[in-house]
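Novice: fold the following, please.
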Amino acid sequence: MLVTMKEILERASKDHYAVPAPNVSSEIDARAMLEGAEDKKAPIILDVGWVQTPDILLFGSYLTKLAEEASVPVALNLDHGAMFAHAVMAIKAGFTSVMVDRSTLPYEENVREVRELVKVAHSIGVTVEAELGHVGNGEQYAVDRNAALTDPQQAKQYIEETGIDCLAVAIGTAHGAYTGTPYLDFDRLQAIKDVVGADYPLVLHGGSGTGDEALAKVCTMGINKVNLCTDLFIAATEAIYAAKLSGNRCKQVYNIAKQGEKDLIMKYLDLFGASGKAWEVKRQAKAHVVTSNDEH
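Specialist: Presented below is the predicted three-dimensional model:
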């Protein structure tokens, strides 16, 4: 069932686990993620990146239908919206959350632009995620890793000034495949959590390639949403290569790719502690307005 990302993250924060947020760019990706979540009886967040999927209205409307029919709580989140118009289109398509990325702007501009979107989104019950510091590119990890780590004290100020519902922090991860070995600043994460509050949800971008041990640890330290992309595409590709398809068996390629992604997301649901955490949702007339049975 379609719910807000805020509800998913508030529950995750309260019970000290994290929810995977896989990037989906096709029906195959989406169905793999939803089937995996249903098998594990877990909530899930479907991230949709504007770069990979610029037709947000069409694809978002389709994902909304899939989410509404799911037997587990599902949030739809615009990932790294680069323009105000992107967020508005996502909301129009039925997304229950938008991530507005102004992390490359000077602090004051970042705050001003995010705060304006928060006013619009919150007026219709849509969750807002934003980033402070900057999560760079894994291919240039040696340069990007320390370029803009999140300042703990500034994080608290940023949350108060913008009114966002969850904060993406830069603690040593990067987007995409890494060149070099990633290493996370756990002390920085703890310092951020100490100042923003035990119940405030934090987000980790660049989960792919970070390693199971590190991911499991941050999920116990206050990270409640972990973004995933590259690992899932690699899983699909490896499954296809392993199948050694030829002739008429090539028609199975999409199902094989889907199974590869599904197997991996189920592993992450277990690793992050989200398995078995689904709850019953009762939907009202509007998709953005949902109430939940408190028993879970």
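
Novice: contact partners of the longest strand anywhere in the chain?
Specialist: Secondary structure of the chain read by DSSP state E shows that its longest strand is strand 74-81. Counting contacts by C-beta atoms under 8 Å, 6 or more residues apart in numbering, the residues outside strand 74-81 that touch it are 1-5, 7-8, 21, 23, 34, 37, 43-51, 56, 60, 63-64, 66-67, 86-87, 90, 94-101, 127, 129, 227. In short, each C-beta sits where N, CA and C put it, glycine included.

Novice: give me the below-cutoff pLDDT ranges for the chain.
Specialist: In the predicted model of the chain, residues 82, 134-147, 174-181, 183, 283-296 satisfy pLDDT under 70.

Novice: pull out the buried residues from the longest helix along it.
Specialist: With DSSP state H applied, the helix covering the greatest number of residues in the chain is identified as helix 253-272. When neighbours are counted by 16 or more other C-beta atoms under 10 Å, the buried residues of helix 253-272 are found to be 256-262, 264-269, 271-272.

Novice: also stretch 148-166?
Specialist: Residues of stretch 148-166 classed as buried by neighbour count (16+ other C-beta under 10 Å): 148-152, 155-156, 158-159, 161-162, 164-166.

Novice: which one of the residues you listed is nearest to residue 29?
Specialist: Distance to residue 29 across the buried residues of stretch 148-166 (C-beta to C-beta) is lowest for residue 166, with 22.6 Å.

Novice: quick one on the thing from earlier: which members of the contacts of strand 74-81 occur in strands, if any?
Specialist: 21, 44-49, 97-100, 127, 129, 227.

Novice: show me the contacts for residue 100.
Specialist: By C-beta under 8 Å, 6+ apart, the residues touching residue 100 are 81, 84, 87, 113, 114, 117, 128, 129, 130.

Novice: quick check: PyMOL command selecting the buried ones in the residues you listed.
Specialist: Selecting only the buried entries of the contacts of residue 100 in PyMOL, with 16+ other C-beta under 10 Å as the criterion:
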select buried, resi 81+87+113+114+117+128+129+130
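
Novice: any chance of the contacts of residue 100 in CSV, plus distance to residue 282?
Specialist: Listed next are these as CSV, based on distance: C-beta to C-beta, whole Å:
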residue, distance to residue 282
81, 29
84, 33
87, 27
113, 35
114, 32
117, 29
128, 24
129, 25
130, 30
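
Novice: which members of the contacts of residue 100 are the farthest-apart pair?
Specialist: Taking C-beta to C-beta as the measure, the contacts of residue 100 span a maximum distance of 15.1 Å, between 84 and 129.

Novice: would you confirm that residue 221 contacts residue 186?
Specialist: Yes. Counting by C-beta atoms under 8 Å, residue 221 does reach residue 186; the two are 6.8 Å apart.

Novice: hmm, back to that, who's in contact with the longest helix of the chain?
Specialist: Contact with helix 253-272 is made by 17-20, 22, 28-29, 31-33, 35-37, 39-40, 42, 44, 212, 215-216, 219, 226, 228, 231-232, 235-240, 243, 245, 275, as judged by C-beta under 8 Å, 6+ apart.
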